[in-house]
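Undergrad: Sharing a model that was predicted from the sequence below.
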Amino acid sequence: MSAAEHPPVPTRELAPGYVLPRLIKGGWQLAGGHGTVDRAHAIADMVAFAEVGITAFDCADIYTGVEELIGEFLRGWHERYGAAAPTIRVHTKCVPDRDALPTLSRADIERLVDRSLSRLGVEALDLVQFHWWNFDISGWLEAAGHLAELKRIGKIRQLGVTNFDTPRLRALLDAGIPIVSHQVQCSLLDRRALGDMATLCAERGVGLLTYGALAGGFFHERWLGVHEPIAPLENRSLVKYKLIIDEFGGWPAFQQLLRTMRDIADTHSTTIGAVALRGVLDEPAVTSVIFGARHADHLPATLASLSLEFSVAERAVLQALIAAAPGPRGDVYELERDMTGVHAGIMRYNLNTA
C-alpha cells in the first residue's frame, strides 16, 4: 500500500511547529514478551507505515532493543530518501528505575538521555516523556527540571510526561516545566484520562497521546464469542489488558461491547480494531493515538479508522455501554500505582539496569 492509494493521514500540531500524524506506531510489542522479533521484518514494517504517512514512532529507554531498532530504521530511511526524506518523529521515554529514585541525580538523568541519543543515532531527541514510578519518593519535580535543562541546551526538542496523575501534572506545569504532551492509557474500556486530566490538559495546552486503544489486541474478531481466556496468556499485552477488561465489568460485559463494535464494523464494512481506534480518535482531548500493530499486515485496518464516521445512534449505543461499566475508575494510572493491587503486580520496575 502506498501513500497514493489512500487519503493523507490527518495531523495535529502538538506544539508550535511540531506536527504529528493522528496515528503513531507504538514500540512496546517489539521489546520482548510478545514473541520473537525479526529485525529486518520489523524495520520493513516501519518503512511501510512511514511511507503511508504514519511518520511518528513511540518507544522508551526501558523497551529493550527498540531504540536501537528505530535508530537502524532512521539510518535506512535517510539513505533511502536522502535530503528529501519525510520528517520522522521518534518519541522516547525517560523512565528511571524505581530503586534508583531516592538517589537520582542530574547526572543520572543526563546519562539516560545521552544513551537514548546514542541508541537512536540522533543529535536531539524529538520528545522525551518522563515517568516516575512512586510519588511517595520525592525528587520527581527536580528530575523534571533536569530534563527541562537538557531541553534548554538542545538535547531534547519537546518534553512530555507519561502516566502522571492530575495533581502532579498540574504541579509540573505550575513550576514552569515546559510539558507539551501526556501519554496515557485510553480506550473504549478505559476512560480515566478523559475526566479531570483532559480538562487540565485542555486548559494548559497539553496534548494527550494515548495508548491501549486496541486493548493489547483484545479488540479483534478473534476474541468475539469465545470463552474467557485463562492464564497463562500468550503475551504481556494480553496480560495487562485482561486486567482492564476485568475492571470494565468482566468477560460478559466485554463480549457485549465487542458484539456492538462488530455490528458497527459490519455497517461500515470495516473491523473491530478500526472501530476501537475511531472511538479514541474522536475524543477532542486526544492529539494522537499510539497503536501497537506489530506487522504491516495490519496497515489497511489501521488506516480504515481514519475515514470511519460513527452515526449518532452508534455513538449513543457505545456511550451507553461505557457508562454502565463499573470501571476502571480513578485518576490516570491510579490503579497501576497501587502496590497492593493486581495491576502493579505485573509491572517491571527496574529495566534500565536489568
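TA: Perfect, thanks for sending it.

Undergrad: What residues does residue 255 make contact with?
TA: Shown in contact with residue 255 (CB atoms under 8 Å, 6 or more residues apart in numbering): 224-225. Bear in mind the C-beta positions are built from the backbone N, C-alpha and C, glycine included.

Undergrad: how about a cut-off of 10 Å?
TA: Under the criterion of CB atoms under 10 Å, 6 or more residues apart in numbering, the contact partners of residue 255 comprise 223-228, 245.

Undergrad: Please indicate which of those has the highest neighbour count?
TA: Neighbour counts for the contacts of residue 255 (other CB atoms under 10 Å) peak at residue 245, which has 25 neighbours.

Undergrad: of all the contacts of residue 255, which two lie farthest apart?
TA: Farthest pair in the contacts of residue 255 (CB to CB) is 225 and 245. Separation: 15.1 Å.

Undergrad: start to end distance for stretch 90-104?
TA: The first residue of stretch 90-104 is 25 Å away from its last residue (CA to CA, to the nearest Å).

Undergrad: Pull out the buried positions in it.
TA: Of the residues in stretch 90-104, those buried by neighbour count under the rule 16 or more other CB atoms under 10 Å are 90-98, 100-101, 104.

Undergrad: between the contacts of residue 255, which is nearest residue 146?
TA: Using CB to CB, residue 245 is the member of these that sits closest to residue 146, with 38.0 Å.

Undergrad: Return the per-residue confidence for that closest one.
TA: As summarised for this prediction, residue 245 has a pLDDT of 98.

Undergrad: okay, which residue is most central for this protein?
TA: Residue closest to the average C-alpha location in the chain (CA atoms, centre = their mean): residue 211, at 3.2 Å.

Undergrad: hmm, back to that, what is the nearest of the contacts of residue 255 to residue 339?
TA: When the contacts of residue 255 are compared against residue 339 (criterion: CB to CB), the nearest one is residue 245, at 21.8 Å.

Undergrad: mind listing the helices for the chain?
TA: Across the chain, reading from the start of the chain, the helices by DSSP state H fall at 39-51, 66-81, 106-120, 140-152, 166-174, 196-204, 236-248, 251-267, 272-281, 299-307, 312-324, 334-337.

Undergrad: tell me how far the third one is from the chain's mean position?
TA: Using CA atoms, centre = their mean, to the nearest Å, the mean C-alpha position of helix 106-120 is found 21 Å from that of the whole chain.

Undergrad: Buried residues, that helix. List them.
TA: Taking 16+ other CB under 10 Å as the neighbour-count basis, helix 106-120 is seen to contain the buried residues 108-110, 112-113, 116-117, 119-120.

Undergrad: What residues of stretch 255-267 count as buried?
TA: Residues of stretch 255-267 classed as buried: 255, 257-258, 260-262, 264-265 (neighbour count, 16+ other CB under 10 Å).

Undergrad: go on, stretch 300-309?
TA: By neighbour count, with 16+ other CB under 10 Å as the criterion, the buried positions of stretch 300-309 are 301-306, 308.

Undergrad: quick one: low-confidence ranges for the chain?
TA: Across the chain, the ranges flagged by pLDDT under 70 are 1-5, 33, 354.

Undergrad: how does it look with 90?
TA: By pLDDT under 90, the low-scoring segments of the chain are 1-7, 28-29, 31-37, 231, 234, 236, 292-298, 301, 345-348, 351-354.

Undergrad: So which of the buried residues of helix 106-120 is the closest to residue 336?
TA: Using CB to CB, the buried residues of helix 106-120 come closest to residue 336 at residue 112, 21.5 Å.

Undergrad: Verify the stated contact: the closest one with residue 156.
TA: No - with contacts defined as CB atoms under 10 Å, residue 112 does not count as touching residue 156, sitting 11.4 Å away.

Undergrad: Find the residues that touch each one of those two.
TA: By the contact definition CB under 10 Å, 6+ apart, residue 112 and residue 156 are jointly contacted by 92, 94, 128, 147, 150.

Undergrad: In terms of distance to residue 294, which of those ranks first?
TA: Using CB to CB, residue 92 is the member of those that sits closest to residue 294, with 18.9 Å.

Undergrad: partner residues bridging the closest one?
TA: Beta-bridge pairing of residue 92, defined through DSSP bridges, involves residue 128.

Undergrad: Tell me who's in contact with it.
TA: Residue 92 makes contact with 27, 57-63, 66-67, 70, 112-113, 116-117, 119-120, 122, 125-129, 156 under the criterion CB under 10 Å, 6+ apart.

Undergrad: if we go to 8 Å?
TA: Applying CB under 8 Å, 6+ apart, the residues near residue 92 are 58-61, 67, 116, 120, 125, 127-129.

Undergrad: What separation do you get for it and residue 70?
TA: Separation of residue 92 from residue 70 (CB to CB, to the nearest Å) stands at 9 Å.

Undergrad: With residue 268 instead?
TA: The gap separating residue 268 from residue 70 is 33 Å, by CB to CB.

Undergrad: what about those two, which has more around it?
TA: More neighbours sit around residue 70 than around the other of residue 268 and residue 70, counting by other CB under 10 Å; the figures are 29 against 17.

Undergrad: who touches the more buried one in this structure?
TA: Listed by CB under 8 Å, 6+ apart, the contact partners of residue 70 are 27, 46, 57, 59, 90, 120.

Undergrad: One more: residue 347?
TA: Counting by CB under 8 Å, 6+ apart, residue 347 touches residue 336.
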